[in-house]
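Enquirer: Fold the following, please.
(one chain, ligands or ions: 1)
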Amino acid sequence: MPTDPAANLPEYYSHRAPEYEAMWRRNDPVRQAEQAAIVGAMRTWFRGRRVLEVACGTGYWTQFLVPSAERVCGIDVSAQMLALARAKPLPPEKVTWLQADAYSLSAVPGQFDAGLANFWFSHVPRTRLGEFLAGFHRRIGAAAVVFMADNVFVPGLGGECVTVPGSQDTFKRRELADGSKHIVLKNYYDADRLRRILEPWSAALSVRVGQCFWWVQYQVRESP
Ligand SMILES: C[S@@+](CC[C@H](N)C(=O)[O-])C[C@H]1O[C@@H](n2cnc3c(N)ncnc32)[C@H](O)[C@@H]1O
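Expert: Residues are numbered from 1 along each chain as shown. You can find the predicted model right below:
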């Protein structure tokens with residue numbers, strides 16, 4: 001097992017960038033309804049807020065926030081994902097994009113009172129969850145509001161599960177349209193686990209779990 005089980009994520013997403021957004025257009029009414037619920041909840045939650053969006057990818061969710069948020073700074077490690085985000089016709093006075101690491105958010109300039117991390121939590125190694133949450137919360141500040149969404153485990157979807165001996169993480173085997181093959185760290189959580197992880201960091205925690213996705217909202221409280 002590599003020292004950092006998530007070390008190949010930037011390379012994987014750089015290969016996946018051109019096909020990434022097709023996932024959000026899947027012709028499945030349950031998925032579409034849950035995606036719409038996520039959009040609706042985010043829009044309300046971030047109204048008038050200065051949002052730091054971690055692992056923003058192609059800016060798919062960013063585009064829905066922009067009308068209600070005061071501004072959004074999207075950061076991602078992949079230049080290819082960010083190139084697609086930058087190509088979106090979003091107002092530059094409200095949206096900025098930056099290549100940065102989710103574990104080094106102190107390097108991101110700006111003032112924030114909200115944080116978004118969609119479809120990122122599943123890619124954080126279990127041993128780094130505390131490090132990620134501490135850095136994320138420190139950067140947006142106590143009393144900031146947070147929204148995160150990610151996948152529920154659905155058998156048969158998202159590639160074959162691969163177990164790596166000695167790892168607490170789960171992995172998926174994936175093949176992309178360009179023929180490249182990857183083993184990708186992808187952890188899944190149920191409502192109880194999410195509550196156990198997030199309760200010490202949060203006030204007013206709300207956890208929603210659908211058939212395809214989970215989403216959480218909370219306010220950051222001082223470090224536990
Ligand atoms: C599943 S995608 C989510 C993209 C977007 N938030 C969405 O929901 O459509 C995961 C993203 O994490 C980014 N990523 C991987 N490692 C990262 C890191 N260390 N720091 C910041 N972004 C990272 C990838 O480039 C990719 O864009």
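
Enquirer: Residues contacting the longest helix anywhere in the chain from elsewhere in the structure, which ones?
Expert: The helix that spans the most residues within the chain, counting by DSSP state H, is helix 29-45. Contact with helix 29-45 is made by 24, 26, 61, 64-65, 67-68, 114, 116, 118, 145, 147, 149, 208, 210-213, 215, 217, as judged by C-beta atoms under 8 Å, 6 or more residues apart in numbering. Just so you know, the C-beta spots here come from the backbone N, C-alpha and C atoms, and that holds for glycine as well.

Enquirer: what's near enough to touch the residue nearest to Asp113 when sequence neighbours are not counted?
Expert: With C-beta to C-beta, 6 or more residues apart in numbering as the criterion, Asp113 has its nearest non-adjacent residue at 5.0 Å, and that residue is Ala144. Going by C-beta under 8 Å, 6+ apart, Ala144 touches Phe112, Asp113, Ala114, Gly115, His137, Gln219, Val220.

Enquirer: returning to what we had before: quick check, the longest helix of the chain touching the ligand?
Expert: No - Helix 29-45 does not reach the ligand (C-beta under 6 Å from any ligand atom); its nearest approach is 9.6 Å.

Enquirer: Please spell out which residues along that helix are buried.
Expert: Buried residues in helix 29-45, counting neighbours by 16 or more other C-beta atoms under 10 Å, are found at Arg31, Glu34, Gln35, Ile38, Ala41, Met42, Trp45.

Enquirer: partners of the helix or strand bottoming out on mean pLDDT in the chain in the sheet?
Expert: Ranking every helix and strand in the chain by mean pLDDT, DSSP states H and E puts strand 160-162 at the bottom, with a mean of 89. Strands that pair with strand 160-162, judged by DSSP bridges, come out as strand 171-175 (antiparallel).

Enquirer: For the partner strand, give me every contacting residue.
Expert: So strand 171-175 is contacted by 5, 12, 158-164, 181-186 (C-beta under 8 Å, 6+ apart).

Enquirer: hang on, the earlier thing: so which of the contacts of Ala144 are also by the ligand?
Expert: Okay, of the contacts of Ala144, nothing touches the ligand (C-beta under 6 Å from any ligand atom).

Enquirer: does stretch 58-74 come close to the ligand?
Expert: Yes - contact of stretch 58-74 with the ligand (C-beta under 6 Å from any ligand atom) involves Tyr60, Trp61.

Enquirer: Can you give me the end-to-end span of that stretch?
Expert: 9 Å (C-alpha to C-alpha, to the nearest Å).

Enquirer: how about the helices of this structure, start to end?
Expert: 9-16, 29-45, 62-65, 79-86, 129-140, 191-198.

Enquirer: Appreciated, that's everything.
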